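S.K.: Model the following, please.
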Amino acid sequence: MRVLPDENLPHDLIAELIGQDVMTVQGLGWAGVKNGDLLHRAAGQIEAFVTMDRKLEREHDLTGLPFGVIVLLARSNRVQHLLPLVAQMLEVLQWIGPGQVEHVGA
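M.R.: As a prediction, the model looks like this:
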């Protein structure tokens with residue numbers, strides 16, 4: 001699956017997404033792009049967007065997106081707080097579809 005982690009997630013997390021085709025916001029030249037424009041640019045490029053931005057659902061209509069969104073619920077974006085979520089995130093990546101939003105974590 002083509003996955004785009006939000007730019008606020010550590011690059012160390014990418015190595016944990018085994019079996020996924022992971023792109024980065026920086027690698028695509030989209031660093032600093034606001035969420036609405038980022039979601040628009042990602043259409044047709046990815047199958048899943050991973051973020052910690054809990055406001056994303058309130059600020060944007062995600063149901064019409066051509067990719068799924070995974071919202072990580074962790075204490076911080078430090079890799080030690082995200083590693084426990086990797087197994088569940090990989091599971092969700094197996095089935096998430098366009099316009100679906102799934103929360104991973106406590």
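S.K.: tell me which residues of the helix or strand of the chain with the lowest mean pLDDT are tucked away?
M.R.: Lowest on mean pLDDT, DSSP states H and E among the helices and strands of the chain sits helix 56-59, with a mean of 94. For helix 56-59, burial by neighbour count (16 or more other Cβ atoms under 10 Å) applies to residue 56. Heads up, the C-betas are built off the backbone N, CA and C, glycines and all.
S.K.: same question, stretch 17-32
M.R.: Those would be 17, 20, 22-25, 28, 30, for stretch 17-32 by 16+ other Cβ under 10 Å.
S.K.: ok so residue 15 is a helix residue?
M.R.: Yes: counting by DSSP: H, G, I helix; E, B strand; the rest coil, residue 15 is located in a helix.
S.K.: wouldn't residue 85 be in contact with residue 75 here?
M.R.: No: using Cβ atoms under 8 Å, residue 85 is not in contact with residue 75, being 10.8 Å away.
S.K.: quick one: contacts for the nearest residue to residue 53 once chain neighbours are set aside?
M.R.: Excluding its sequence neighbours, the residue lying closest to residue 53 (Cβ to Cβ, 6 or more residues apart in numbering) is residue 6, at 6.4 Å. For residue 6, the contacting residues are 25, 49-53, by Cβ atoms under 8 Å, 6 or more residues apart in numbering.
S.K.: Just put those in a markdown table and tack on pLDDT.
M.R.: What follows is the contacts of residue 6, written out as a markdown table (pLDDT from 0 to 100):
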| residue | pLDDT |
| --- | --- |
| 25 | 96 |
| 49 | 98 |
| 50 | 98 |
| 51 | 97 |
| 52 | 96 |
| 53 | 95 |
